[in-house]
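Asker: Okay, predicted coordinates and the sequence, questions at the end:
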Amino acid sequence: MNAKINYTDESIGNVEVIADALPSPEKLAFKEDTVKVTIALSKSSIEFFKKEANKHDTKYQQMIRRLLDAYTRVQSARIENQ
C-alpha cells in the first residue's frame with residue numbers, strides 16, 4: 001500500500017456508459033414485506049439516510065431497504081441476461 005502511483009495520459013480503451021442503477025431518495029419511500037436482519041453501516045451513510053428520510057416524511061430504514069432492493073433487481077436482471 002505504500003507504493004507510489006504513477007498516473008499517465010494513456011487511453012483507457014473502450015468505455016461503456018451505463019444508466020445509473022441507483023434510484024433517487026424519493027423512489028425509496030414505499031412499503032413491502034420484510035425480513036428483520038442486523039447490519040452495521042457507516043455513520044455517514046446513516047446520517048445521509050436519516051436526513052433524506054426526514055425530507056420525505058418516511059423512515060430511513062425503508063429507504064435503505066429500497067436501495068438494496070433496487071440493486072438486487074438490476075443485478076438479477078444482468079445475471080439472467082448473461
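Answerer: Perfect, I can see it now.

Asker: What is the neighbour count of residue 40?
Answerer: 4 (other CB atoms under 10 Å). No exception for glycine: its C-beta is placed from N, CA and C like everyone else's.

Asker: by contact count, what packs against the longest helix seen in the chain?
Answerer: Within the chain, and with DSSP state H defining each element, the longest helix by residue count is helix 60-80. Secondary-structure packing of helix 60-80 (3 or more CB pairs under 8 Å, 6 or more residues apart in numbering; DSSP states H and E): helix 43-55.

Asker: From the chain's centre, how far out is the longest helix of the chain? Work that out for me.
Answerer: Using CA atoms, centre = their mean, to the nearest Å, the mean C-alpha position of helix 60-80 is found 8 Å from that of the whole chain.

Asker: and the angle from that helix to helix 43-55?
Answerer: Angle, helix 60-80 to helix 43-55, by axes from the mean of the first three to the mean of the last three CA atoms, to 10 degrees: 110 degrees.

Asker: quick one: contacts of helix 60-80?
Answerer: 21-23, 25, 27-32, 34, 41, 46, 49-50, 52-53, 56 (CB atoms under 8 Å, 6 or more residues apart in numbering).

Asker: distance of residue 79 from residue 73?
Answerer: According to CB to CB, to the nearest Å, residue 79 stands 11 Å off from residue 73.

Asker: and if you look at residue 39?
Answerer: Applying CB to CB to residue 39 and residue 73 gives a distance of 19 Å.

Asker: what's the answer for residue 53, then?
Answerer: In terms of CB to CB, residue 53 sits 21 Å off from residue 73.
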